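In: Following is a predicted model, sequence given first.
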Amino acid sequence: MSLIGQEPRGTITEKFARHVSSGKAEFFAQAGIDFIAGRRGGIYLHDLEGKTLINCHSNGGVFNLGHRNPRVIVALQRSLEELDIGNHHLISEGRALLAERLAASSPGDINRVIFGVSGGEAIDMAIKLARGHTGRAKVISASGGYHGHTGLALAAGDEQYRTPFEPLSPAFEQVPFGELDALESAMGEDTAAVIFETIPATYGIVIPPEDFYAGVRKLCDHYGAVMIMDEVQTGLGRCGAMWGINTYDVLPDIIVTGKGLSGGIYPMSATLYRDHLNPFLHENPFIHISTFGGAEVGCYAALEVLNILEEPTFLDHVHQMADLFEEGFATLKDKHADLLVETRQRGLMMGLKLADPNFGPMMTRIGFDAGLLVVYANNDPSTVQLLPPLIIQEDEVGQVFELLDGMLTVLGKAFA
Ligand SMILES: Cc1ncc(COP(=O)(O)O)c(C=O)c1O
């Protein structure tokens with residue numbers, strides 16, 4: 001018997017509201033969004049009654065390889081025949097193999113890996129490592145940024161997430177994203193780390209100036225600060241390279257990955273770091289513990305994710321699809337010039353900047369009705385994030401544009 005749809009929609013909603021989140025249930029009821037995910041596969045997500053959405057959010061990259069990628073499922077099934085979570089204190093074959101592959105996929109001497117379960121946990125670890133290594137406290141991040149909801153990650157994110165939980169860890173400072181002068185003014189001999197999402201997603205897929213990260217690198221070198229790139233969304237092929245920061249040709253000290261490393265099948269995150277940061281952890285090998293971080297069964301699922309990403313044609317495909325989106329955007333902008341102010345793109349990390357902050361939430365709502373899952377950027381609701389699975393095919397890109405065109409037409413009529 002299928003696990004999906006054992007209970008009627010109303011009962012599920014009622015149980016969810018009662019036991020999981022009354023607030024979310026109310027939010028979605030008010031938004032008129034009654035989607036409960038049922039079957040899923042490839043770029044498609046179906047609800048309990050079979051209504052279909054094309055997933056152009058991919059949970060921020062979790063579904064880079066589509067829903068229920070068959071190769072990742074087989075890898076997990078295979079690992080379940082012999083393994084379990086493993087023991088996080090002991091030397092582990094699965095972790096050693098996955099770490100070796102992550103190191104090989106990373107630029108420069110980023111050779112070392114700490115495993116986690118979530119992106120927030122891996123960000124926390126990156127900041128702990130920077131503070132431990134430098135013996136300094138100050139962490140500089142971007143206003144409007146988002147790094148997760150755990151302790152240090154939360155402190156580095158936008159103030160709307162932080163304020164209700166203050167006092168948080170001290171010595172965090174935010175600067176406007178993409179502005180080197182502002183960063184320089186905030187930096188000093190007390191700076192432990194600078195952390196940015198390579199392309200901030202929750203801020204609306206803001207593409208920084210081409211020389212921005214070279215400048216960040218220089219400032220970090222000058223002040224002896226650790227440069228941390230949050231690649232939870234931009235990594236693993238999303239920007240047309242293994243890591244988004246590779247497209248800026250800059251070597252950071254730490255790369256944080258999560259979401260897509262799971263293959264959408266088994267949670268996995270990782271903090272990847274350069275050799276010179278290792279002495280702190282070498283001296284203190286048990287200073288950070290994560291029972292489920294790098295769970296052994298998940299290591300083999302993640303290894304298969306890397307196998308897929310590193311196939312010679314994989315990134316070529318991402319570039320081809322990115323070109324199709326670029327062409328489509330030009331037509332869309334001409335046709336809906338009054339609504340669509342700007343399109344933002346690096347590979348398949350894409351965003352639509354609309355003319356009004358109300359338009360993002362409306363596009364999400366209209367998209368639900370039309371059959372396209374797009375999510376507005378919470379820290380700039382005038383933008384809609386567009387992150388299709390990287391395995392999207394040419395005809396499916398065509399379907400996405402048909403839907404976007406129709407959605408913008410509906411939006412235009414609503415505001416005529
Ligand atoms: C850029 C970025 N960093 C970190 C995180 C936190 O990841 P998680 O939700 O797995 O803790 C997210 C989650 O959306 C993210 O988008």
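Out: Received, thanks. From a predicted model like this one, the values you see are computed outputs, not experimental measurements.
In: so what's the residue of the stretch 251-400 of the chain at minimum distance from the ligand up against?
Out: Nearest to the ligand in the stretch 251-400 of the chain, going by Cβ to the nearest ligand atom, is Gly258, at a distance of 4.8 Å. For the C-beta atoms, the positions are set from N, CA and C on the backbone; glycine is no exception. Neighbour list for Gly258: 116, 118-119, 122, 232, 268-270 [criterion: Cβ atoms under 8 Å, 6 or more residues apart in numbering].
In: In strands only, show me those.
Out: Taking DSSP state E, the ones among the contacts of Gly258 that sit in strands are 116, 269-270.
In: and Ala322, which of the three is it?
Out: Recorded secondary structure, Ala322: helix (DSSP: H, G, I helix; E, B strand; the rest coil).
In: So which residues on the stretch 151-300 of the chain come close to the ligand?
Out: Residues of the stretch 151-300 of the chain lying near the ligand by Cβ under 6 Å from any ligand atom: 197, 201, 230, 232-233, 258.
In: Which of the residues you listed sits closest to Gly328?
Out: Nearest to Gly328 among those is Ala201, at 20.5 Å by Cβ to Cβ.
In: In the stretch 1-150 of the chain, which residue sits closest to the ligand?
Out: Relative to the ligand, the nearest point of the stretch 1-150 of the chain is Gly119 (2.3 Å; Cβ to the nearest ligand atom).
In: Contact partners for that residue?
Out: 147-148, 153, 230, 232, 256-259, 269.
In: now the helices: where do they sit in this structure?
Out: Taking DSSP state H as the criterion, the chain carries its helices at 9-19, 22-31, 70-80, 93-105, 119-134, 151-156, 159-162, 180-186, 212-223, 278-283, 296-309, 314-335, 359-370, 394-414.
In: Could you identify which of the ones you listed has the lowest mean pLDDT?
Out: With a mean of 90, helix 159-162 has the lowest mean pLDDT of these.
In: Show me how far stretch 182-193 is from its chain's centre.
Out: The gap between where stretch 182-193 is centred and where its chain is centred comes out at 26 Å by Cα atoms, centre = their mean, to the nearest Å.
In: hmm, who's touching that stretch?
Out: By Cβ under 8 Å, 6+ apart, stretch 182-193 touches 126-127, 130-131, 133-134, 136-140, 171, 173, 175-176, 194, 215-216, 219, 222-228.
In: Likewise for stretch 332-344?
Out: The contact list for stretch 332-344, computed with Cβ under 8 Å, 6+ apart, reads 204-207, 329, 350-355, 359, 382-383, 401, 404-405, 408-409, 411-412, 415.
In: buried set for it?
Out: 332, 336, 339-341, 343-344 (16 or more other Cβ atoms under 10 Å).
In: Also stretch 308-318?
Out: Neighbour counts over stretch 308-318 (16+ other Cβ under 10 Å) mark 308-309, 314-315, 317-318 as buried.
In: Can you check the distance spanned by that stretch, start to finish?
Out: The straight-line separation of the ends of stretch 308-318 (Cα to Cα, to the nearest Å) is 13 Å.
In: Just the pLDDT for the residue of the stretch 201-350 of the chain found nearest the ligand.
Out: Using Cβ to the nearest ligand atom, the single residue of the stretch 201-350 of the chain nearest to the ligand is Val232, 3.6 Å away. Val232 is assigned 98 on the pLDDT scale.
In: Let me know whether it touches Gly61 as I believe.
Out: Yes - with contacts defined as Cβ atoms under 8 Å, Val232 counts as touching Gly61 at a distance of 7.2 Å.
In: from the contacts of stretch 182-193, which would you call buried?
Out: Looks like these have 126-127, 130-131, 133-134, 136, 138-140, 175, 194, 215-216, 219, 223, 225-228 buried, using 16+ other Cβ under 10 Å.
In: which residues does the residue sitting nearest the centre point of the chain contact?
Out: For the chain, the residue nearest the mean C-alpha position is Gln233 (2.3 Å; Cα atoms, centre = their mean). Counting by Cβ under 8 Å, 6+ apart, Gln233 makes contact with 60-61, 197, 199, 201, 259, 349, 387.
In: which residues does Ala270 bridge with?
Out: Phe115, Thr257 (DSSP bridges).
In: how many neighbours does it have?
Out: The tally of other residues near Ala270 (other Cβ atoms under 10 Å) stands at 26.
In: pLDDT wise, what is it at?
Out: 98.
In: now for the helices of the chain, which one comes closest to Lys51?
Out: Here helix 359-370 is closest among the helices of the chain (Cβ to Cβ), at 9.1 Å.
In: what's the closest one packed up against?
Out: Applying 3 or more Cβ pairs under 8 Å, 6 or more residues apart in numbering; DSSP states H and E, we find helix 359-370 packed against strand 349-354, strand 375-377, strand 380-386, helix 394-414.
In: which residues are in contact with the last one?
Out: To tie it back to what came earlier, the one meant is helix 394-414. With Cβ under 8 Å, 6+ apart, helix 394-414 has contacts from 43, 54, 56, 320-321, 324-325, 328, 331-332, 335-336, 338-340, 352, 354, 359, 362-363, 366-367, 370-372, 388, 392.
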